[in-house]
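Engineer: Everything below, folded, please.
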Amino acid sequence: MTTREAYIEKMKTQLDELNVRMDRLGDKASEAQANVRASYQKDMAQLREQSVHAKAKMEELKTAGEDRWDAMVTEMEKVRDAFVHSFSYFKSQV
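Structural biologist: Okay, the predicted model is just below:
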């Protein structure tokens, strides 16, 4: 496996794990009291948007040429880090 393939696989695994954890938190949030449920649902919707964005960026990364690879890795890591940060914040609020 090349370094590029390993990086893509590692990033995919991290995003998949975050999505599973996000789904579990969503289940927990749906059990919350009605007065906070709307806030949780809004935050969960934002997390799902970030997940979609991260997946789209991942697809760009997969098809990036060698001339764009380093820039795409940097962009992917920023998107992933933002997603992780948002997830961590949401998790701390549940």
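Engineer: okay, CA-based contacts and neighbour counts for the rest of this
Structural biologist: OK.
Engineer: Report the buried residues of the longest helix anywhere in the chain.
Structural biologist: With secondary structure taken from DSSP state H, the chain has its longest helix at helix 34-63. By neighbour count on 16 or more other C-alpha atoms under 10 Å, the buried set for helix 34-63 is 40, 43-44, 47-48, 50-51, 53-55, 57-58, 61-62.
Engineer: Quick check: mean pLDDT of that helix?
Structural biologist: Averaged over helix 34-63, pLDDT sits at 86.
Engineer: what's it packed up against?
Structural biologist: helix 3-30, helix 69-93 (3 or more C-alpha pairs under 8 Å, 6 or more residues apart in numbering; DSSP states H and E).
Engineer: Lowest average pLDDT across those helices?
Structural biologist: Taking the mean pLDDT of the helices and strands packed on helix 34-63, helix 3-30 comes last: a mean of 86.
Engineer: So which elements touch that one?
Structural biologist: helix 34-63, helix 69-93.
Engineer: can I get those helices in CSV with distance to residue 24?
Structural biologist: Below are these laid out as CSV (distance: least, C-alpha to C-alpha, whole Å):
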stretch, distance to residue 24
helix 34-63, 11
helix 69-93, 10
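Engineer: Out of those helices, which is closest to residue 16?
Structural biologist: When the helices and strands packed on helix 3-30 are compared by C-alpha to C-alpha, helix 34-63 sits nearest residue 16, at 9.3 Å.
Engineer: Off-centre distance for that closest one?
Structural biologist: 7 Å (C-alpha atoms, centre = their mean, to the nearest Å).
Engineer: Nothing else from me, thank you.
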